[in-house]
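Peer 1: Here is my input; please provide its structure:
(chains A and B)
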Amino acid sequence: MTSFQAPAWSVPVLIAAFVIFIGLVIFYVIKSRGIRRPLFAMPYTAWVALFTVIPCLLIAYYAFTDAAGRFTLDNFKSFWDSDYEMNRELIEMGMDPAELGFGRGTVNVDTLVYSLWMALLCTVICLALGYPAAYIMADREFRLGATIVVLFIIPMWMNFLLRTIAWMSLLEDNGLINNFLASIGLPRLRLMYNSGAVLMGMIYNYLPFMVFPIYNVLNKMDLKYSEAAMDLGASPIKTFLKVTLPLSLPGVVSGITMVFMPSVTTFFIPRVLGGGNTEMFGDLIERTFLTANNWNVGSALSLIMMVLILLSLGLLRKVDPEGEGEGML
Amino acid sequence: MADNNVSRAEYVSMEEQPRLITLNNISKEYDGVTVLDHINLYIRKKEFVTLLGPSGCGKTTTLRIIGGFETPTEGTVIFDGQDITNLPAYKRRVNTVFQKYALFPHLNVADNIAFGLKLKKTPKDEIARKVDRMLELVNLSGYGKRSVESLSGGQQQRIAIARALVNEPEVLLLDEPLGALDLKLRKEMQLELKSMQQRLGITFLYVTHDQEEALTMSDTIVVMRGGRILQIGTPKGIYDEPKNAFVANFIGESNIVPGVMLKDELVEFCGARFACVDEGFGENAEVDVVIRPEDIVLVGEDVGHLTGVVRSVLFKGVHYEMMIEAGGILWKVHSTTMEPEGSRVGLSVVPFNIHIMHKMEEANAK
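Peer 2: The predicted structure is shown next:
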């Protein structure tokens, strides 16, 4: 199933990059007359270049070329109209797709909108669940706080595929929950293969990423601020609204970033818990690459996703100008 | 220590003021460790009271109990005739200036000052007027729109005071508010605080470990150690008549030597007999003798009560600090004239400057 064919120019480009890198190292050693500390950063620079920058450039390259390597915008048209290629072929064969009853294929755009919606829901629910949890855990008088932090961490030691599959055995028609319901005489429920189950799985997987940044900020927050607020006449509720909450915003921004980004690109969870009924953008990209075997359209989809994520990061930056949220990334 | 009925007669005007805060038998324990041990204290209206002591003496805990941030394990806090022991902090008519200011970093200077007023639903124009007046009072007019993090330590400190004072509290609690400032600024702020307190007529309860600060500003000083009050009195009263060797040593510098009170007005130490003015210790009682370094007079070798050798000389600006070995003891002597190292000198003390104290019970004072 591998259809990956590196473009013909990639080998000389890699060789050129390697030569430039070695050249830079030598230039630096000569210029600073010896081996200085920044030189040790070179391997990391090379690593990042090789495994982050070059793949990104490759994605951009594929997104703007067709199977023959020619420049084209068709891949983005395929995003807007998932049947674009098929319709084009029909036109080339002298047929009118509209006459045949084929219109614009909306699958790709719909999936993206659905993914964004699910990610938004997941983020909002994680925030609603995670903030109070973090607040309670960070309470100095609540002695179980540290224990609960560990309890939150332990599931993360397991692979997320495993954790998701574990939810199956809970939610299945013959799963634990339904068996329990049946044993007390209640009707069995259809818990799996719907958006709710997918959302459940996402929240379960991403909740810790909301809790920990908020917990960190609250836990480190100096008690003096809330004491000062109380001293100035603020009731406990006012103290929370006017001091604790605003001061914990960097943690909230961080948490939102860390939940929203993986949520949008979620894959596998919808397939396992949603059955065939739901598909999210991550799955769509995977399917386009591996099943439809179309690296060019797949890259275009990935590129759109990356741009969306960058845009939302930019938006968050406006809320959190000091960029404390990004320290977690 | 309920026996601290130290006279405050020196401040007659203070005596006329009613008692505003009374601490009755306050004790505080943390996990079985006693931090405050049956404290009794009253604070009069418009009084400037300083809690003075080394770190861990319980002075900050006392302040926090009055502020409402801690509840005493035992005892009651009376404010203006009402028991406020269990009243939460936000319902008390006191405001606090915290040690590290605790200015809200997400609010600008004006919003920090307005915080308390906004909670009381004060009209907007009145808030603006009061904030401006406060900024003027602390000499920071025009700083309202600044972020608090852009201010220097001294400026932040003034804002913290303004934020507390704008609420017109009956008592202002100050927890080592000048601790983070450099010496020069600290001295300026001491005078400013004192004059502010006198102008506004507000009761100040001030916590510090700096004895000089306490002497400069206070009407009344409360010396604390190990969760107990050792002495309450005016700055002059405490400096001149420290109750025990600890207070003597903590307030100013002191020479403390063991001695024997032979009879009233006669004490023996370092093998010599000295006339003094203290009475009532009984005969042949073991006592501590306290002599301030500036009270030792250097005289000719043969004329003094004691003869000694100068071991070291330090120039301190206004005076020289000399360590002089005499009678088997190294005496600290302050003098404006200098005797060179190694020279032999006579030491003399007038009876009035020899302070006799009961031996301190070490167990009692930790």
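Peer 1: Now whichever residue of the stretch 151-300 of chain B sits closest to chain A. Its backbone dihedrals?
Peer 2: The nearest approach of the stretch 151-300 of chain B to chain A comes at B:N167, 6.6 Å away (Cβ to the nearest Cβ). Backbone N, C-alpha and C define where each C-beta goes, glycine included. With angles defined as degrees, to the nearest 10, B:N167 sits at phi -80, psi 0.
Peer 1: Please verify my assumption that it contacts B:L119.
Peer 2: No. Assessed by Cβ atoms under 8 Å, B:N167 is found out of contact with B:L119, at 9.1 Å.
Peer 1: which of the two has more neighbours?
Peer 2: Neighbour count, other Cβ atoms under 10 Å in any protein chain shown: between B:N167 and B:L119, B:N167 has more, with 22 against 18.
Peer 1: what do B:N167 and B:L119 both touch?
Peer 2: A:232-233 (Cβ atoms under 8 Å, 6 or more residues apart in numbering or on different chains).
Peer 1: Look up which helix or strand A:V198 falls in, please.
Peer 2: Counting by DSSP states H and E, the element that carries A:V198 is helix A:195-220.
Peer 1: and that helix, does that touch chain B?
Peer 2: No. Helix A:195-220 does not reach chain B (Cβ under 8 Å from any Cβ of the partner chain); its nearest approach is 12.5 Å.
Peer 1: Count residues in the vicinity of the residue in the stretch 1-150 of chain A that chain B sits nearest to, would you?
Peer 2: For the stretch 1-150 of chain A and chain B, the shortest gap (Cβ to the nearest Cβ) falls at A:R143, measuring 12.4 Å. With neighbours defined by other Cβ under 10 Å, the count for A:R143 comes to 8.
Peer 1: tell me the SS of it?
Peer 2: coil (DSSP: H, G, I helix; E, B strand; the rest coil).
Peer 1: Contact residues of the stretch 1-150 of chain B facing chain A?
Peer 2: B:67-69, B:88-91, B:94-96, B:98, B:100, B:102-106, B:115-116, B:119-120.
Peer 1: Quick check, pLDDT for the residue of the stretch 1-150 of chain A closest to chain B.
Peer 2: Reported pLDDT at A:R143 in the predicted model: 81.
Peer 1: separation between it and A:G282?
Peer 2: 40 Å (Cβ to Cβ, to the nearest Å).
Peer 1: now do B:N249
Peer 2: B:N249 is 73 Å from A:G282, where distance means Cβ to Cβ.
Peer 1: ditto for A:A228
Peer 2: 46 Å.
Peer 1: the more surrounded of these two?
Peer 2: Using other Cβ under 10 Å, the more surrounded residue of A:A228 and A:G282 is A:A228, with 28 against 23.
Peer 1: What is the helix or strand hosting the more buried one packed up against?
Peer 2: Assigned by DSSP H and E, A:A228 belongs to helix A:223-231. The contact analysis (3 or more Cβ pairs under 8 Å, 6 or more residues apart in numbering or on different chains; DSSP states H and E) places helix A:223-231 against helix A:236-239, strand B:94-97.
Peer 1: Tell me which helix or strand comes right after the lengthiest helix in chain B.
Peer 2: Among the segments of chain B that qualify as a helix by DSSP state H, the longest is helix B:183-200. Downstream of helix B:183-200, the next assigned helix or strand under DSSP H and E is strand B:203-208.
Peer 1: Just the angle for that following strand relative to helix B:183-200, thanks.
Peer 2: Using axes from the mean of the first three to the mean of the last three Cα atoms, to 10 degrees, the direction of strand B:203-208 lies 160 degrees away from that of helix B:183-200.
Peer 1: anything in strand B:203-208 near chain A?
Peer 2: No. Taking Cβ under 8 Å from any Cβ as the criterion, strand B:203-208 and chain A are apart, separated by no less than 13.4 Å.
Peer 1: Could you give the average pLDDT over that strand?
Peer 2: pLDDT averaged over strand B:203-208 gives 94.
Peer 1: now stretch A:33-42
Peer 2: Taken as a whole, stretch A:33-42 carries a mean pLDDT of 78.
Peer 1: And the contacts of that stretch?
Peer 2: Contacts of stretch A:33-42 (Cβ under 8 Å, 6+ apart): A:21, A:24-25, A:28-29, A:32.
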